[in-house]
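Novice: this one's sequence-less:
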């Protein structure tokens, strides 16, 4: 029976029985082994650069564990930690640059998602802006062609056309409608204030100073403040949103500012000034007029709430004005153009031109 060449049998020389009968190969390996022994004896005190590992720890062809620096192969399908010589380099790279766990792909994916969302928001804003411009253009063409419907406001005696849904762009309708409700609330508060002043005059005119003057002034406010607030600040802001006009925005800022001061004035309730506000309420309370005190307290609360709402809407319109890029110089230019195109402006220009021509004619005669 032939001898197994791979069986050691206690021999220290694996090439003692050469199955191929090549003595040259055996002598070469003997010489190499002697050289290695000699070098090991000479470098006994030297510090080894790398420790010598077996085949299992070195990551050879048949290794089962993690490979070292000199490993060259690993079984197919093994994990990244069993890739032999690559493991030390990958460990160094992981320590320096971070583990290759695909996080950079996740980060890039998140950045792409954020960028796509931002682009979609911008596209939606541009589409809304284009739609608004088309609506404004159609509205301006309708105004130029004189196709506005019949007058419808105020309902009992129409003197103008008022239609928020038909004349104001979609994005601004809510703001204009809120301003219109604020104006309607002002009219209701003027009526309630006049009734409160009447009750104060009837129930405790002798105990409240200038109760009769307060009722008279409050009755006058029903007409003057109603017309003034509509034509001086509500209608300008309506036209400002409808025509995107800097001039009308400035008219609103000026006269609505006076309206905010009027709210504060009515909340204070100076006796004789037409307001059933705080001071009149305190006078009625000191004289024991319960009904008048309650009405004055409600009126005072309503004026304070309307003041706060007016401040909020003023700030909102101001923000819209700034976002649209309007300027005071643009408002002045629009005012000059509007005056020049009006009948009074054309008459004034004609008068000035005729006066200039007549003066020059006399100088040459």
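Specialist: Received it, and whenever you're ready, just let me know what you need. What you are looking at is a predicted structure, and each value in this text was computed from that prediction instead of being measured.

Novice: now the strands for the chain?
Specialist: Along the chain, counting by DSSP state E, no stretch forms strands.

Novice: in this structure, which helix or strand is least confident?
Specialist: Comparing every helix and strand of the chain by mean pLDDT, DSSP states H and E singles out helix 55-58 as the least confident one, with a mean of 46.

Novice: Which residue ranges of this protein form helices?
Specialist: Assigned by DSSP state H, the helices in the chain fall at 23-42, 55-58, 86-97, 103-144, 164-167, 173-204, 211-229, 235-243, 246-268, 278-286, 290-323, 328-341, 343-364.

Novice: wait, residue 210 sits on residue 275?
Specialist: No. With the criterion set as C-beta atoms under 8 Å, residue 210 and residue 275 do not qualify as a contacting pair; they are 11.0 Å apart. For the C-beta atoms, the positions are set from N, CA and C on the backbone; glycine is no exception.

Novice: Have a look at those two and say which one is more surrounded.
Specialist: residue 275 (27 against 17; other C-beta atoms under 10 Å).

Novice: Look up how far residue 132 lies from the more buried one.
Specialist: In this structure, residue 275 lies at 41 Å from residue 132, with C-beta to C-beta, to the nearest Å as the measure.

Novice: roughly how far apart are residue 320 and residue 326?
Specialist: When distances are taken as C-beta to C-beta, residue 320 and residue 326 turn out to be 9 Å apart.

Novice: Between the two, point out the one with more neighbours.
Specialist: The residue with more neighbours, out of residue 320 and residue 326 and counting by other C-beta under 10 Å, is residue 326; that gives 19 against 16.

Novice: What values do phi and psi take at that one?
Specialist: Listed backbone geometry of residue 326 is phi -80, psi 150, with angles given as degrees, to the nearest 10.

Novice: for the protein, what are the low-confidence residue spans?
Specialist: Per-residue confidence for the chain (pLDDT under 70) gives these ranges: 1-110, 136-148, 204-206, 339, 341-365.

Novice: 50 - rerun?
Specialist: Within the chain, the set of residues satisfying pLDDT under 50 comprises 1, 15, 25-26, 28-32, 34-35, 38-42, 46-93, 95-96, 104, 364-365.

Novice: wouldn't residue 281 be in contact with residue 301 here?
Specialist: No. Assessed by C-beta under 8 Å, residue 281 is found out of contact with residue 301, at 9.9 Å.

Novice: More neighbours: the two, which one.
Specialist: Neighbours around residue 281 and residue 301, counted as other C-beta under 10 Å, are more numerous at residue 281. The numbers are 25 against 13.

Novice: show me what contacts the more buried one?
Specialist: Neighbour list for residue 281: 269, 293, 296-297, 299-300 [criterion: C-beta atoms under 8 Å, 6 or more residues apart in numbering].

Novice: Recalculate using a threshold of 6 Å.
Specialist: Residue 281 makes contact with 293, 296-297, 300, according to C-beta atoms under 6 Å, 6 or more residues apart in numbering.
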